[in-house]
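[1] I would like to see how this sequence folds:
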Amino acid sequence: MSIALGVDIGGSHITAGWVDLGKAVVLQDTVKRTLIDSGASVDTIVSGWCNLLQSSIQDKLHDNIKIGIAMPGPFDYAEGISLMKEQGKFKALYGLSVRQLLSQQLSMPPNHFQFLNDAESYLQGEVLGGAGKGFEHVLGLTLGTGLGSAIHSQGQTRDADLWKMLFKESIAEDYLSTRWFVKRHRELTGKEEAGLKEILLNGNTANLHQLFAEFAQNFCDFLVLLSETYHFTAVVLGGNISQAHAHFFPALKRLLSKQDINVSVRLGMLQEEGTLIGAACQWREGMPERSGICLTI
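    Below you'll find the model as predicted:
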């Protein structure tokens, strides 16, 4: 059995788990997770990452270990250099080689680390063994603190970098992220909530109905606009907002039908395990080579 360690690095956590590359599944009881302060110093961040990775690696021979890491952008994935500066996370790492930092602290060869955009990793996992399996052209969207996006077509999955696409009066992320829910809920109620979870807990039925109706319309308008550029037949959703799918899926599907957009909108099956699978499967034989910083529309 050929395995690699899949790693998901987010703005507040790191998760790692061993992946069977042949079956594209996470091995049971190997997933470990810990919280990380993304606003901390370089030493604190990297030590937090490496403590968890070392606990996953344990006594395995370091020369034989392959690690695939899903990282948020902007990031030079080919070189392993962080380019995050104004994203509210990992500012201390700007311009530094994460590959070299991990290599030095874990005493592993630098070329045993590969990096992939987190949204791309998630969609790759879902295409290999989840909600995107069997579709040739898939749009993957992770809805949460930010808007992650990837496109799978002709056997290849690529970061789509749609968060900054011009949309309505601003950019797409301003309408399809937790930030929009917090802002719009404050406008409707005058109440400040930390995120969607708190809005769902404290909001009343009428306000929630309007909030999700507007979100569904935003989402529909976004997909209609994208359909002019991409010819996807399925949309796979991940991220924290997708967990509230019961509040907006029915309206979204009705709106898409009215626009004659005939795509299968599907909730991701694998969630974080999908990201681990996609990240680790960079080491799978036959996977396409990747280079560059990102694909921009």
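
[2] only C-alpha atoms for contact and neighbour calcs from this point on.
    Fine.

[3] Break the chain into its domains for me.
    Following automatic domain parsing, one finds the domains of the chain at 3-120+274-283, 135-268.

[4] what's the closest of those to Val127?
    Across these, Val127 has its closest neighbour in domain 135-268 (7.7 Å, C-alpha to C-alpha).

[5] picking that back up, can you say which of the domains of the chain is packed in most?
    Sort the domains of the chain by mean neighbour count, taking mean count of other C-alpha atoms under 10 Å, and domain 3-120+274-283 sits at the top with a mean of 20.

[6] average pLDDT across that one?
    For domain 3-120+274-283, the mean pLDDT works out to 93.

[7] same check, this time on stretch 170-185
    On average, stretch 170-185 scores 96.

[8] And that stretch, end to end?
    Stretch 170-185 has an end-to-end distance of 18 Å (criterion: C-alpha to C-alpha, to the nearest Å).

[9] Can you tell me what sits against that stretch?
    143-147, 162-166, 191-196, 199, 207, 211, 215, 218-219, 222, 241 (C-alpha atoms under 8 Å, 6 or more residues apart in numbering).

[10] Give me the contacts around stretch 276-289.
    4-8, 16-17, 19, 21-22, 24-26, 66-70, 114-116, 118, 120-126, 128, 156.

[11] which residue ranges form the helices in the stretch 1-150 of the chain?
    42-57, 98-106, 118-129 (DSSP state H, counting those that start in this stretch).

[12] Of the ones you listed, which is nearest Phe90?
    Ranking the helices of the stretch 1-150 of the chain by proximity to Phe90 (C-alpha to C-alpha) places helix 42-57 first, at 8.1 Å.

[13] hang on, the earlier thing: tell me which entries of the contacts of stretch 170-185 lie within helices.
    Leu196, Ile199, Asn207, Leu211, Phe215, Asn218, Phe219, Phe222 (DSSP state H).

[14] residues touching the third one, list them.
    With contact taken as C-alpha under 8 Å, 6+ apart, Asn207 is in contact with His185, Leu188, Thr189.

[15] and with 10 Å instead?
    By C-alpha atoms under 10 Å, 6 or more residues apart in numbering, the contact set of Asn207 is His185, Leu188, Thr189, Ile199, Ala213.

[16] Okay, the third one and Gln210: tell me how far apart.
    So the one you mean is Thr189. Relative to Gln210, Thr189 is positioned 11 Å away (C-alpha to C-alpha).

[17] One more: His13?
    From His13 over to Gln210 (counting by C-alpha to C-alpha), the distance is 32 Å.

[18] Quickly list what Ile9 is bridged to.
    Partner residues in beta bridges with Ile9, using DSSP bridges, are Ile14.

[19] if we can go back for a sec, from the ones in helices among the contacts of stretch 170-185, which shows the smallest pLDDT?
    Ranked by pLDDT, the ones in helices among the contacts of stretch 170-185 bottom out at Asn207, which has 92.

[20] Roughly how far does that residue sit from Asp221?
    Asn207 is 21 Å from Asp221, by C-alpha to C-alpha.

[21] do His231 as well
    From His231 to Asp221 the distance is 16 Å (C-alpha to C-alpha).

[22] again with Ile65
    Distance of Ile65 to Asp221, given as C-alpha to C-alpha: 45 Å.

[23] With Ser41 instead?
    40 Å.

[24] and the residue nearest to Leu101 when sequence neighbours are not counted, what is it in contact with?
    Among residues not flanking Leu101 along the chain, Val46 sits closest, at 7.2 Å (C-alpha to C-alpha, 6 or more residues apart in numbering). Contacts for Val46 (C-alpha under 10 Å, 6+ apart) come out as Ile36, Ala40, Leu93, Val98, Leu101, Leu102, Gln105.
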